[in-house]
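> Dropping a prediction and its sequence here:
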Amino acid sequence: MVSHINELPTPAFLIDMDKAKKNIAAMAALCEQNGKKLCPMIKTHKSAQLAAWQAEAGVDGFLAGTLDEAEMLAGQGHQQVVLAYPVASAENISRVLTLAQTTRVVLSLDGVEAAATINAQLVKAGITLDYLMIIDCGLGRFGVQPEQAAELAKALQPLTQLRFTGISTHPGQVYGQSDSAGVATVAMEEIQALETAATLLAAAGFPPAVIATGSTPTAPFAAKSSVITTLRPGNYIFHDAIQVALGVSTPEQCALSVLATVIAHPRPGLYIIDAGSKCFGLDKGAHGVALLNGFGIVKSHPELVLEGLSEEVGKLRATGETTIAVGDKLEIIPNHACSAANMTSFLIAHRSGAVEGSIRIDARSGSRRQM
Ligand SMILES: Cc1ncc(COP(=O)(O)O)c(C=O)c1O
(Lines give C-alpha, C1' and ligand atoms only; values in the text may rest on other atoms or scores of the structure.)
Protein backbone atom coordinates (compact mmCIF):
# COMPACT_ATOMS: atom_id res chain seq x y z
CA MET A 1 0.00 0.00 0.00
CA VAL A 2 1.37 3.38 -1.04
CA SER A 3 1.56 5.67 1.97
CA HIS A 4 2.63 8.97 0.39
CA ILE A 5 1.59 10.63 -2.87
CA ASN A 6 5.26 10.84 -3.90
CA GLU A 7 5.27 7.03 -4.16
CA LEU A 8 2.33 6.93 -6.59
CA PRO A 9 2.72 5.85 -10.20
CA THR A 10 1.97 8.80 -12.49
CA PRO A 11 -0.09 10.35 -13.84
CA ALA A 12 -2.42 10.28 -10.85
CA PHE A 13 -5.42 12.41 -9.93
CA LEU A 14 -5.25 13.60 -6.35
CA ILE A 15 -7.86 15.00 -4.02
CA ASP A 16 -6.73 16.71 -0.85
CA MET A 17 -9.48 15.59 1.51
CA ASP A 18 -8.99 18.36 4.04
CA LYS A 19 -9.18 21.06 1.39
CA ALA A 20 -12.26 19.56 -0.27
CA LYS A 21 -14.04 19.21 3.08
CA LYS A 22 -13.11 22.77 3.99
CA ASN A 23 -14.50 24.02 0.66
CA ILE A 24 -17.69 22.03 1.25
CA ALA A 25 -18.06 23.41 4.77
CA ALA A 26 -17.42 27.00 3.64
CA MET A 27 -20.21 26.90 1.04
CA ALA A 28 -22.60 25.17 3.46
CA ALA A 29 -21.86 27.90 6.03
CA LEU A 30 -22.35 30.70 3.48
CA CYS A 31 -25.78 29.31 2.65
CA GLU A 32 -26.78 28.66 6.24
CA GLN A 33 -25.69 32.10 7.45
CA ASN A 34 -27.72 33.75 4.69
CA GLY A 35 -30.80 31.56 4.94
CA LYS A 36 -30.30 29.93 1.54
CA LYS A 37 -30.79 26.34 0.52
CA LEU A 38 -27.80 24.63 -1.07
CA CYS A 39 -28.31 22.32 -4.04
CA PRO A 40 -24.79 21.52 -5.30
CA MET A 41 -24.21 20.95 -9.01
CA ILE A 42 -22.90 17.42 -9.14
CA LYS A 43 -21.37 17.46 -12.62
CA THR A 44 -18.20 18.91 -11.09
CA HIS A 45 -17.22 15.59 -9.54
CA LYS A 46 -19.80 12.93 -10.59
CA SER A 47 -18.90 10.95 -7.47
CA ALA A 48 -21.27 9.30 -4.98
CA GLN A 49 -18.67 9.59 -2.22
CA LEU A 50 -18.16 13.32 -2.73
CA ALA A 51 -21.93 13.84 -2.90
CA ALA A 52 -22.14 12.06 0.45
CA TRP A 53 -19.61 14.51 1.93
CA GLN A 54 -21.71 17.39 0.63
CA ALA A 55 -24.89 15.84 2.02
CA GLU A 56 -23.25 15.45 5.45
CA ALA A 57 -22.52 19.20 5.47
CA GLY A 58 -26.13 19.97 4.57
CA VAL A 59 -27.84 20.12 1.18
CA ASP A 60 -31.35 20.50 -0.16
CA GLY A 61 -31.06 17.98 -2.99
CA PHE A 62 -28.56 18.00 -5.83
CA LEU A 63 -28.44 19.53 -9.28
CA ALA A 64 -27.53 16.98 -11.96
CA GLY A 65 -25.96 17.82 -15.31
CA THR A 66 -26.72 14.37 -16.76
CA LEU A 67 -29.20 11.58 -16.20
CA ASP A 68 -26.26 9.31 -15.35
CA GLU A 69 -25.51 11.59 -12.40
CA ALA A 70 -29.19 11.70 -11.42
CA GLU A 71 -29.40 7.89 -11.48
CA MET A 72 -26.22 7.63 -9.42
CA LEU A 73 -27.71 9.98 -6.80
CA ALA A 74 -31.03 8.14 -6.73
CA GLY A 75 -29.14 4.87 -6.35
CA GLN A 76 -27.45 6.32 -3.27
CA GLY A 77 -30.84 7.14 -1.76
CA HIS A 78 -30.76 10.92 -2.20
CA GLN A 79 -34.33 12.14 -2.10
CA GLN A 80 -34.30 15.11 -4.47
CA VAL A 81 -32.60 15.63 -7.82
CA VAL A 82 -33.04 18.68 -10.01
CA LEU A 83 -32.17 18.09 -13.67
CA ALA A 84 -30.21 21.16 -14.73
CA TYR A 85 -31.08 20.86 -18.40
CA PRO A 86 -34.21 19.87 -20.34
CA VAL A 87 -34.71 16.31 -21.60
CA ALA A 88 -36.34 15.83 -24.98
CA SER A 89 -35.93 12.26 -26.27
CA ALA A 90 -38.41 9.45 -25.49
CA GLU A 91 -35.57 7.31 -24.10
CA ASN A 92 -34.36 9.92 -21.64
CA ILE A 93 -37.90 10.89 -20.62
CA SER A 94 -38.44 7.20 -19.77
CA ARG A 95 -35.35 7.35 -17.57
CA VAL A 96 -36.82 10.36 -15.80
CA LEU A 97 -40.04 8.45 -15.19
CA THR A 98 -38.11 5.56 -13.68
CA LEU A 99 -36.13 7.97 -11.50
CA ALA A 100 -39.34 9.61 -10.31
CA GLN A 101 -40.47 6.31 -8.82
CA THR A 102 -37.84 6.56 -6.09
CA THR A 103 -36.75 10.20 -5.95
CA ARG A 104 -38.33 13.62 -6.22
CA VAL A 105 -37.25 14.76 -9.68
CA VAL A 106 -37.52 18.44 -10.63
CA LEU A 107 -37.31 19.29 -14.33
CA SER A 108 -35.81 22.39 -15.91
CA LEU A 109 -37.61 23.79 -18.93
CA ASP A 110 -37.27 26.78 -21.18
CA GLY A 111 -39.71 26.16 -24.00
CA VAL A 112 -42.97 24.58 -25.03
CA GLU A 113 -41.55 21.97 -27.43
CA ALA A 114 -39.61 19.81 -24.95
CA ALA A 115 -42.27 20.47 -22.31
CA ALA A 116 -45.06 19.15 -24.55
CA THR A 117 -43.07 16.01 -25.40
CA ILE A 118 -42.40 15.33 -21.72
CA ASN A 119 -46.00 16.09 -20.76
CA ALA A 120 -47.31 13.56 -23.28
CA GLN A 121 -45.20 10.80 -21.68
CA LEU A 122 -46.18 11.93 -18.18
CA VAL A 123 -49.88 11.75 -19.12
CA LYS A 124 -49.44 8.12 -20.20
CA ALA A 125 -47.61 7.31 -16.98
CA GLY A 126 -50.09 9.25 -14.83
CA ILE A 127 -47.30 11.23 -13.16
CA THR A 128 -47.02 14.96 -12.41
CA LEU A 129 -43.58 16.57 -12.06
CA ASP A 130 -42.47 19.94 -10.77
CA TYR A 131 -40.44 22.15 -13.06
CA LEU A 132 -38.20 25.16 -12.79
CA MET A 133 -38.30 27.66 -15.63
CA ILE A 134 -34.81 28.57 -16.87
CA ILE A 135 -34.15 32.30 -17.09
CA ASP A 136 -31.31 33.64 -19.25
CA CYS A 137 -29.33 36.14 -17.18
CA GLY A 138 -26.82 36.88 -19.92
CA LEU A 139 -25.06 33.61 -20.77
CA GLY A 140 -27.17 33.26 -23.90
CA ARG A 141 -27.50 29.50 -23.58
CA PHE A 142 -30.76 28.10 -22.17
CA GLY A 143 -33.61 30.17 -20.93
CA VAL A 144 -36.14 32.85 -21.65
CA GLN A 145 -35.46 36.52 -21.12
CA PRO A 146 -36.77 37.60 -17.70
CA GLU A 147 -39.43 39.75 -19.39
CA GLN A 148 -40.84 36.66 -21.17
CA ALA A 149 -41.12 34.47 -18.08
CA ALA A 150 -44.82 35.07 -17.42
CA GLU A 151 -45.66 34.46 -21.06
CA LEU A 152 -43.92 31.08 -20.96
CA ALA A 153 -45.60 30.13 -17.67
CA LYS A 154 -48.97 30.80 -19.33
CA ALA A 155 -47.99 28.80 -22.42
CA LEU A 156 -46.98 25.84 -20.25
CA GLN A 157 -50.09 25.98 -18.04
CA PRO A 158 -52.22 23.70 -20.29
CA LEU A 159 -49.61 20.94 -19.88
CA THR A 160 -51.43 19.25 -17.04
CA GLN A 161 -48.62 17.04 -15.75
CA LEU A 162 -46.08 19.84 -15.34
CA ARG A 163 -46.30 21.92 -12.17
CA PHE A 164 -44.57 25.31 -12.06
CA THR A 165 -42.44 25.52 -8.93
CA GLY A 166 -39.95 28.27 -9.60
CA ILE A 167 -37.14 29.72 -11.70
CA SER A 168 -33.43 29.17 -12.12
CA THR A 169 -30.44 30.64 -13.89
CA HIS A 170 -26.71 30.09 -14.36
CA PRO A 171 -24.44 33.12 -14.88
CA GLY A 172 -21.81 31.20 -16.87
CA GLN A 173 -20.68 34.44 -18.52
CA VAL A 174 -18.78 35.07 -15.28
CA TYR A 175 -16.07 32.79 -16.68
CA GLY A 176 -15.44 35.32 -19.44
CA GLN A 177 -14.61 38.06 -16.91
CA SER A 178 -11.10 39.19 -16.14
CA ASP A 179 -11.26 40.33 -12.51
CA SER A 180 -13.32 40.56 -9.33
CA ALA A 181 -15.09 43.69 -10.57
CA GLY A 182 -16.30 41.71 -13.60
CA VAL A 183 -17.51 38.94 -11.29
CA ALA A 184 -19.48 41.49 -9.25
CA THR A 185 -21.07 42.94 -12.40
CA VAL A 186 -22.21 39.50 -13.56
CA ALA A 187 -23.61 38.78 -10.10
CA MET A 188 -25.72 41.94 -10.37
CA GLU A 189 -27.02 40.78 -13.78
CA GLU A 190 -27.83 37.38 -12.29
CA ILE A 191 -29.76 38.80 -9.34
CA GLN A 192 -31.52 41.43 -11.46
CA ALA A 193 -32.70 38.84 -14.01
CA LEU A 194 -34.18 36.64 -11.29
CA GLU A 195 -35.82 39.58 -9.53
CA THR A 196 -37.42 40.80 -12.75
CA ALA A 197 -38.68 37.36 -13.70
CA ALA A 198 -39.99 36.65 -10.19
CA THR A 199 -41.87 39.96 -10.03
CA LEU A 200 -43.51 39.48 -13.43
CA LEU A 201 -44.40 35.87 -12.67
CA ALA A 202 -45.95 36.76 -9.32
CA ALA A 203 -47.98 39.54 -10.95
CA ALA A 204 -49.28 37.03 -13.51
CA GLY A 205 -50.36 34.58 -10.81
CA PHE A 206 -47.29 32.32 -10.83
CA PRO A 207 -45.35 33.20 -7.67
CA PRO A 208 -42.11 31.18 -7.77
CA ALA A 209 -41.51 29.16 -4.60
CA VAL A 210 -37.95 28.41 -5.70
CA ILE A 211 -35.62 31.08 -7.05
CA ALA A 212 -32.34 29.33 -7.76
CA THR A 213 -29.00 30.22 -9.24
CA GLY A 214 -25.61 28.68 -9.38
CA SER A 215 -22.01 29.63 -9.97
CA THR A 216 -19.05 29.41 -7.65
CA PRO A 217 -17.70 32.92 -8.38
CA THR A 218 -21.00 34.72 -7.81
CA ALA A 219 -22.21 32.63 -4.85
CA PRO A 220 -21.18 35.19 -2.18
CA PHE A 221 -23.24 37.87 -3.98
CA ALA A 222 -26.26 35.65 -4.63
CA ALA A 223 -26.22 34.63 -0.96
CA LYS A 224 -26.90 38.26 0.00
CA SER A 225 -29.87 38.70 -2.34
CA SER A 226 -33.19 38.80 -0.54
CA VAL A 227 -35.08 37.23 -3.46
CA ILE A 228 -32.90 34.16 -4.15
CA THR A 229 -33.88 31.03 -2.20
CA THR A 230 -31.36 28.47 -3.42
CA LEU A 231 -27.69 28.40 -4.43
CA ARG A 232 -26.48 25.74 -6.85
CA PRO A 233 -22.69 26.07 -7.20
CA GLY A 234 -20.56 23.16 -8.39
CA ASN A 235 -16.88 23.95 -8.80
CA TYR A 236 -16.41 25.16 -5.21
CA ILE A 237 -15.71 21.66 -3.93
CA PHE A 238 -12.40 21.65 -5.85
CA HIS A 239 -11.69 25.18 -7.06
CA ASP A 240 -9.10 25.37 -9.84
CA ALA A 241 -6.77 27.64 -11.81
CA ILE A 242 -9.73 29.45 -13.38
CA GLN A 243 -11.13 30.34 -9.94
CA VAL A 244 -7.65 31.50 -8.91
CA ALA A 245 -7.40 33.69 -12.05
CA LEU A 246 -10.78 35.26 -11.23
CA GLY A 247 -9.72 35.97 -7.64
CA VAL A 248 -12.36 33.57 -6.29
CA SER A 249 -9.92 31.20 -4.57
CA THR A 250 -6.24 30.85 -3.77
CA PRO A 251 -4.07 28.04 -5.12
CA GLU A 252 -3.90 26.73 -1.52
CA GLN A 253 -7.68 26.18 -1.54
CA CYS A 254 -7.59 24.02 -4.68
CA ALA A 255 -8.36 20.42 -3.72
CA LEU A 256 -7.86 18.61 -7.04
CA SER A 257 -4.49 18.17 -8.72
CA VAL A 258 -2.69 15.95 -11.18
CA LEU A 259 0.56 14.32 -10.11
CA ALA A 260 3.00 13.98 -13.01
CA THR A 261 6.65 12.96 -13.47
CA VAL A 262 9.22 14.93 -15.45
CA ILE A 263 10.18 12.39 -18.12
CA ALA A 264 12.49 14.40 -20.40
CA HIS A 265 14.54 17.60 -20.58
CA PRO A 266 15.23 17.82 -24.30
CA ARG A 267 16.66 21.33 -24.36
CA PRO A 268 17.31 24.23 -21.99
CA GLY A 269 14.13 25.57 -20.46
CA LEU A 270 11.94 22.72 -21.73
CA TYR A 271 10.71 19.81 -19.60
CA ILE A 272 8.24 17.11 -20.61
CA ILE A 273 5.81 15.52 -18.11
CA ASP A 274 3.79 12.32 -18.40
CA ALA A 275 0.39 14.01 -18.23
CA GLY A 276 -1.30 15.72 -21.16
CA SER A 277 -4.69 16.74 -22.42
CA LYS A 278 -6.14 13.37 -21.33
CA CYS A 279 -5.52 14.49 -17.76
CA PHE A 280 -5.92 18.25 -17.86
CA GLY A 281 -8.30 18.74 -20.77
CA LEU A 282 -7.55 21.55 -23.20
CA ASP A 283 -9.76 23.79 -21.13
CA LYS A 284 -9.12 27.46 -20.88
CA GLY A 285 -12.47 28.02 -19.24
CA ALA A 286 -15.88 27.02 -20.53
CA HIS A 287 -16.69 30.54 -21.62
CA GLY A 288 -13.23 31.88 -22.37
CA VAL A 289 -11.12 33.36 -19.58
CA ALA A 290 -8.16 35.15 -21.16
CA LEU A 291 -6.26 35.37 -17.88
CA LEU A 292 -4.79 31.92 -17.71
CA ASN A 293 -1.09 31.34 -18.18
CA GLY A 294 -0.91 27.82 -19.64
CA PHE A 295 -2.93 24.74 -18.77
CA GLY A 296 -2.53 24.64 -15.01
CA ILE A 297 -0.66 25.89 -11.94
CA VAL A 298 2.50 23.94 -11.05
CA LYS A 299 2.52 23.85 -7.25
CA SER A 300 5.70 25.19 -5.58
CA HIS A 301 7.17 26.14 -8.98
CA PRO A 302 6.02 29.59 -10.06
CA GLU A 303 8.83 29.57 -12.65
CA LEU A 304 7.15 26.75 -14.63
CA VAL A 305 4.42 27.27 -17.23
CA LEU A 306 2.49 24.30 -18.61
CA GLU A 307 2.50 25.77 -22.09
CA GLY A 308 1.49 22.85 -24.30
CA LEU A 309 -0.37 19.55 -24.09
CA SER A 310 -0.26 16.50 -26.32
CA GLU A 311 -2.68 13.73 -25.37
CA GLU A 312 -0.45 11.93 -22.87
CA VAL A 313 2.41 14.37 -22.30
CA GLY A 314 2.77 18.04 -21.46
CA LYS A 315 5.41 20.68 -22.15
CA LEU A 316 6.69 22.74 -19.25
CA ARG A 317 8.57 25.94 -19.96
CA ALA A 318 10.94 27.28 -17.30
CA THR A 319 10.70 31.05 -17.29
CA GLY A 320 13.56 31.40 -14.79
CA GLU A 321 15.96 29.37 -12.69
CA THR A 322 14.50 26.01 -11.75
CA THR A 323 15.58 23.09 -9.61
CA ILE A 324 13.49 20.44 -11.34
CA ALA A 325 15.11 17.43 -12.99
CA VAL A 326 14.04 14.33 -14.91
CA GLY A 327 12.40 11.91 -12.47
CA ASP A 328 10.91 14.62 -10.24
CA LYS A 329 7.21 14.53 -9.47
CA LEU A 330 5.10 17.69 -9.75
CA GLU A 331 1.61 18.49 -8.56
CA ILE A 332 -0.38 20.57 -11.01
CA ILE A 333 -3.74 22.27 -10.43
CA PRO A 334 -5.84 21.98 -13.62
CA ASN A 335 -7.41 25.02 -15.22
CA HIS A 336 -10.88 23.48 -15.00
CA ALA A 337 -11.28 20.85 -12.27
CA CYS A 338 -14.73 19.75 -13.51
CA SER A 339 -13.23 18.64 -16.85
CA ALA A 340 -10.18 17.05 -15.23
CA ALA A 341 -12.24 14.98 -12.78
CA ASN A 342 -14.13 13.49 -15.72
CA MET A 343 -10.83 12.16 -17.13
CA THR A 344 -10.34 9.51 -14.44
CA SER A 345 -12.21 6.67 -12.77
CA PHE A 346 -10.60 7.31 -9.37
CA LEU A 347 -9.15 10.15 -7.37
CA ILE A 348 -6.41 9.29 -4.88
CA ALA A 349 -7.50 10.79 -1.57
CA HIS A 350 -4.78 12.17 0.67
CA ARG A 351 -4.23 14.38 3.69
CA SER A 352 -1.18 16.64 3.32
CA GLY A 353 0.39 13.99 1.07
CA ALA A 354 -0.48 10.96 3.22
CA VAL A 355 -2.59 8.62 1.08
CA GLU A 356 -5.92 7.58 2.64
CA GLY A 357 -7.51 5.62 -0.20
CA SER A 358 -9.35 6.26 -3.44
CA ILE A 359 -12.63 7.86 -4.42
CA ARG A 360 -14.61 6.58 -7.38
CA ILE A 361 -15.87 8.89 -10.09
CA ASP A 362 -19.07 6.91 -10.57
CA ALA A 363 -20.82 8.81 -13.34
CA ARG A 364 -18.03 9.71 -15.79
CA SER A 365 -19.43 10.53 -19.21
CA GLY A 366 -20.36 7.30 -20.97
CA SER A 367 -19.20 5.03 -18.15
CA ARG A 368 -22.54 3.78 -16.84
CA ARG A 369 -24.20 2.35 -19.93
CA GLN A 370 -23.33 -0.44 -22.30
CA MET A 371 -25.42 -2.29 -24.86
C1 LIG B 1 -27.08 25.20 -14.74
C2 LIG B 1 -25.83 25.24 -13.92
N3 LIG B 1 -25.93 25.54 -12.62
C4 LIG B 1 -24.84 25.58 -11.82
C5 LIG B 1 -23.56 25.34 -12.32
C6 LIG B 1 -22.40 25.41 -11.39
O7 LIG B 1 -21.51 26.44 -11.69
P8 LIG B 1 -20.06 26.50 -11.05
O9 LIG B 1 -19.35 25.27 -11.47
O10 LIG B 1 -19.47 27.77 -11.53
O11 LIG B 1 -20.21 26.54 -9.57
C12 LIG B 1 -23.42 25.05 -13.69
C13 LIG B 1 -22.10 24.83 -14.26
O14 LIG B 1 -21.88 24.71 -15.44
C15 LIG B 1 -24.58 24.99 -14.51
O16 LIG B 1 -24.52 24.70 -15.82
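It's in.

> burial measure for T250, as a count.
T250: 10 surrounding residues under other Cβ atoms under 10 Å. Every residue, glycine included, has its C-beta placed from N, CA and C.

> how about it, what does it touch?
V244 (Cβ atoms under 8 Å, 6 or more residues apart in numbering).

> Distance check, it against the ligand.
17 Å (Cβ to the nearest ligand atom, to the nearest Å).

> Identify the residue nearest the residue of the stretch 101-250 of the chain found nearest the ligand in space, chain neighbours excluded?
Nearest residue of the stretch 101-250 of the chain to the ligand, counting by Cβ to the nearest ligand atom: G214, 3.0 Å away. Using Cβ to Cβ, 6 or more residues apart in numbering and skipping the chain neighbours, the partner closest in space to G214 is R232 (3.0 Å).

> That neighbour reaches I211, doesn't it?
No. Look at R232 against I211 with Cβ atoms under 8 Å: they stay out of range, at 11.1 Å.

> Give the residues shared as contacts by those two.
With Cβ under 8 Å, 6+ apart as the test, R232 and I211 both reach S168.

> Give me the distance between the longest strand along the chain and the centre of its chain.
Criterion DSSP state E: the longest strand present in the chain is strand 256-267. In terms of Cα atoms, centre = their mean, to the nearest Å, the centre of strand 256-267 is set 27 Å apart from its chain centre.

> Direction included, what does it pair against?
Here strand 256-267 is paired, per DSSP bridges, with strand 12-16 (antiparallel), strand 270-273 (antiparallel), strand 329-334 (antiparallel).

> buried stuff in that strand?
Using 16 or more other Cβ atoms under 10 Å as the test for burial, strand 256-267 gives L256, S257, V258, L259, A260, T261, V262, I263.

> got CSV for the residues you listed, with distance to the ligand too?
Shown next, in CSV, are the buried residues of strand 256-267 (distance: Cβ to the nearest ligand atom, whole Å):
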residue, distance to the ligand
L256, 13
S257, 18
V258, 19
L259, 23
A260, 24
T261, 30
V262, 31
I263, 32
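
> Any buried residues in stretch 65-83, and which?
Buried, per 16+ other Cβ under 10 Å, within stretch 65-83: 65-74, 78, 80-83.

> per-residue confidence averaged over it?
Across stretch 65-83, the average pLDDT comes to 97.

> How about residues contacting that stretch?
Residues outside stretch 65-83 that contact it (Cβ under 8 Å, 6+ apart) are 39, 41-43, 46, 48, 51-52, 55, 60-64, 84-85, 87, 92, 95-96, 99, 102-108, 132, 168, 212, 232, 362-363, 365, 367-369.

> What about the ligand: which of those touch it?
Contacts with the ligand within the contacts of stretch 65-83, counted by Cβ under 6 Å from any ligand atom: M41, L63, A84, R232.

> Could you double-check that the second one lies in contact with T44?
Spelled out, it's L63. No. Counting by Cβ under 8 Å, L63 sits too far from T44 to count as a contact (10.0 Å).

> on that earlier part again, which two among the buried residues of strand 256-267 are spaced furthest apart?
L256 and I263 (22.2 Å; Cβ to Cβ).

> Would you verify that K43 is located in a helix?
Yes. Assigned with DSSP: H, G, I helix; E, B strand; the rest coil, K43 falls within a helix.

> ok, back up a step: between L63 and T44, which is the more surrounded one?
Using other Cβ under 10 Å, the more surrounded residue of L63 and T44 is L63, with 30 against 24.

> That one belongs to a strand?
Yes. Checked against three-state DSSP, L63 lies within a strand.

> Which residues does the helix-or-strand element of the chain with minimal mean pLDDT contact?
Of all helical and strand segments in the chain, the minimum by mean pLDDT, DSSP states H and E falls on helix 241-245, at a mean of 94. Helix 241-245 is contacted from outside by 175, 216-217, 235, 249-251, 254, 285, 289, 291-292, 296-297, 333-336, using Cβ under 8 Å, 6+ apart.

> Could you list the low-confidence segments of the protein?
285-290 (pLDDT under 70).

> Show me which residues of it sit near the ligand.
By Cβ under 6 Å from any ligand atom, the residues of the chain that approach the ligand are 41, 44, 63, 84, 170, 172, 214-216, 232-236.

> same thing but at 8 Å, please
Contacts of the chain with the ligand, taken as Cβ under 8 Å from any ligand atom, map to 41, 43-44, 63, 65, 84-85, 108, 134, 142, 168-170, 172, 174-175, 213-217, 219, 232-236, 286, 338.
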